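J.: Fold the following, please.
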Amino acid sequence: MPTNIITRQGHDKLKEELDYLWSRHRPEITQKVAWAASLGDRSENADYQYNKKLLREIDRRVRYLRKRLEDIRVVDYAPEQEGRVFFGAWVTIENDEGQSKRFRIVGYDEIYGRNDYISIDSPMARALLKKQEGDEVVVQTPRGEAMWYVAEVQYES
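T.: Numbering: from 1, shown residues only. Next comes the predicted model:
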């Protein structure tokens, strides 16, 4: 079960999606379904069938977003976090081979479509929590242990 926390930006994005689906996209599709239904035989009406299916998908997503927004807790930045890795941090890590990675530790609902976000529930994020710049981090990976160094920790205010 994923951790039920989210950044303020992530929460706003989910809320925005819900508002768009409910107040703009759904009414538009409902209108198309009504128009296609008025043409008669629905069994062979591709417009009707497609838009009806789309309407079900929208309704499913709306139900999910409403439930999810009730269940998740927004975690805002606190000045006490400065210099250490906590939820919402942008972290730059490096290894001995000179490889470098930069990502933000966020909630489960925020990682999709982003290559620079990792879930708070990931092994990397778990290993990094409470570390500070200069600390060594050992991460368990499918290929064994990987050693990383925390190069930089930043927060969006």
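J.: Give me the distance between the closest residue to K130 other than its chain neighbours and A78.
T.: Distances taken as C-beta to C-beta, 6 or more residues apart in numbering put R84 closest to K130, at 5.8 Å, once the chain neighbours are dropped. For every residue, glycine as well, the C-beta is placed using N, CA and C. Distance from R84 to A78, counting by C-beta to C-beta, to the nearest Å: 11 Å.
J.: more crowded one of these two?
T.: Between R84 and A78, counted using other C-beta atoms under 10 Å, the more crowded position is R84 (16 against 10).
J.: Residues in a beta bridge with the more buried one, which ones?
T.: Judged by DSSP bridges, the bridge partners of R84 are Q132.
J.: List the contacts of the residue nearest to K130.
T.: Applying C-beta atoms under 8 Å, 6 or more residues apart in numbering, one finds that R84 lies in contact with K130, K131, Q132, V153.
J.: which outside residues touch the helix or strand in which the last one is found?
T.: Per DSSP states H and E: V153 is located in strand 144-154. Outside strand 144-154, the residues that touch it by C-beta under 8 Å, 6+ apart are 83-85, 89-96, 100, 102, 128, 131-139.
J.: And those, which of them are buried?
T.: Using 16 or more other C-beta atoms under 10 Å as the burial test, these include R84, V85, A89, W90, V91, I93, L128, K131, V137, V139 as buried.
J.: quick one: contacts for the residue nearest the centre of the chain?
T.: By C-alpha atoms, centre = their mean, the chain has its centre lying nearest to E110, at 1.2 Å. Contacts for E110 (C-beta under 8 Å, 6+ apart) come out as I6, T7, Q9, G10, K13, Y117.
J.: Would you mind measuring from it to G10?
T.: Applying C-beta to C-beta, the value for E110 to G10 is 4 Å.
J.: try E152
T.: From E152 over to G10 the distance is 22 Å, taken as C-beta to C-beta.
J.: Same check on Y108?
T.: As judged by C-beta to C-beta, Y108 and G10 stand 10 Å apart.
J.: ditto for E82
T.: E82 is 21 Å from G10, where distance means C-beta to C-beta.
J.: By neighbour count, which of the contacts of E110 wins?
T.: In terms of neighbour count, I6 stands highest of the contacts of E110 at 26 neighbours, by other C-beta under 10 Å.
J.: Lovely, talk soon.
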